[in-house]
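**Q** next comes the sequence, and after it the predicted model I'd like to discuss.
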Amino acid sequence: MQNWLKKYIDPICPLFGIIPLISCFALNMLVYSGTMILCRDWTHYDLTTAFDKSIPLVPEWIYIYFGCYLFWVVNYIMAARIHRENKTAFYRFVATDMMSRLVCAVFYLGFPTTNIRPEFIPEGLSGHLLSFLYKIDQPTNLFPSIHCLVSWLCFIGIRSSKQVSLSYKIFSCIFALLVVASTQFTKQHYIADAVAGLLFAELLWLLNQKTCIYQFIQKPFEYLNHKLQLD
């Protein structure tokens, strides 16, 4: 089994990164879904501004909004791949991701937010995809925007690496900003949600660069990886 993992999985995603990355996903789901359930009947606040009202609904942006999920997978795995020889840098990234979800949880519980989605008649594929999104995703847990936060972390995770080409860094930056725009034009988030997502991503990344907080995450993951022979 170990040889199979080394041969087929490790070239794609370093084995040491599998459990941390899965843990990031699990924590994300726990925070997003868990707080949504807990706050279901609580008072929610609408942060709509005049600027938000001036932005039109453009269903075609749903392709960027949904496309970012693939972007997340690729760049998070890339963050592990480029740090094979410097795992500390990878764990700083993982710590930033996990801490960001805990910050989100604090806001989702302490300051629940919502918005009023516009009524529209679905036309074409983009319209029906947006309608589908509205049906499966409640207009809650908006501040800060996880969509914007994670997309910016995808850029943060690779922007300082010499192993990543400049063209891909530029692409990641532009695509992350397009995701931010998509949250506005699909009316999934308002501008305050987006700005907060970007701001928290940068602040928590800086915190993990300047302190040793990330070691509280690195040590248990390294212990577990060693026990499972994934290091």
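**A** Great, that's in hand.

**Q** what's in contact with the helix or strand hosting Trp205?
**A** Applying DSSP states H and E as the criterion places Trp205 in helix 191-210. Around helix 191-210, the neighbours that count as contacts under CB atoms under 8 Å, 6 or more residues apart in numbering are 47, 49, 51-52, 92-93, 95-96, 99-100, 103-104, 113, 142-149, 152-153, 156, 180, 183-184, 213-214. All C-beta atoms are positioned from the backbone trio N, CA, C, and that covers glycine.

**Q** following that helix, which helix or strand comes up?
**A** Next helix or strand after helix 191-210 toward the C-terminus (DSSP H and E): helix 215-227.

**Q** so which elements touch that following helix?
**A** With contacts defined as 3 or more CB pairs under 8 Å, 6 or more residues apart in numbering; DSSP states H and E, helix 215-227 has these neighbours: helix 15-38, helix 87-110.

**Q** 6 Å - rerun?
**A** Using 3 or more CB pairs under 6 Å, 6 or more residues apart in numbering; DSSP states H and E as the contact criterion, the neighbours of helix 215-227 among helices and strands are helix 87-110.

**Q** tell me how far the helix it packs on is from the chain's mean position?
**A** Per CA atoms, centre = their mean, to the nearest Å, the displacement of helix 87-110 from the mean C-alpha position of its chain is 10 Å.

**Q** what residues of that helix count as buried?
**A** 87, 89-101, 103-105, 107-108 (16 or more other CB atoms under 10 Å).

**Q** can you pull the buried residues of the helix holding Trp205?
**A** Using 16+ other CB under 10 Å as the burial criterion, the residues of helix 191-210 that qualify are 191-198, 200-201, 204-205, 208.

**Q** quick one: Cys39 and Asp52, what's the gap?
**A** 22 Å (CB to CB, to the nearest Å).

**Q** what of Leu133?
**A** Relative to Asp52, Leu133 is positioned 18 Å away (criterion: CB to CB).

**Q** please apply the same query to Val195.
**A** Separation of Val195 from Asp52 (CB to CB) stands at 12 Å.

**Q** got it, and Ala201?
**A** Separation of Ala201 from Asp52 (CB to CB) stands at 21 Å.
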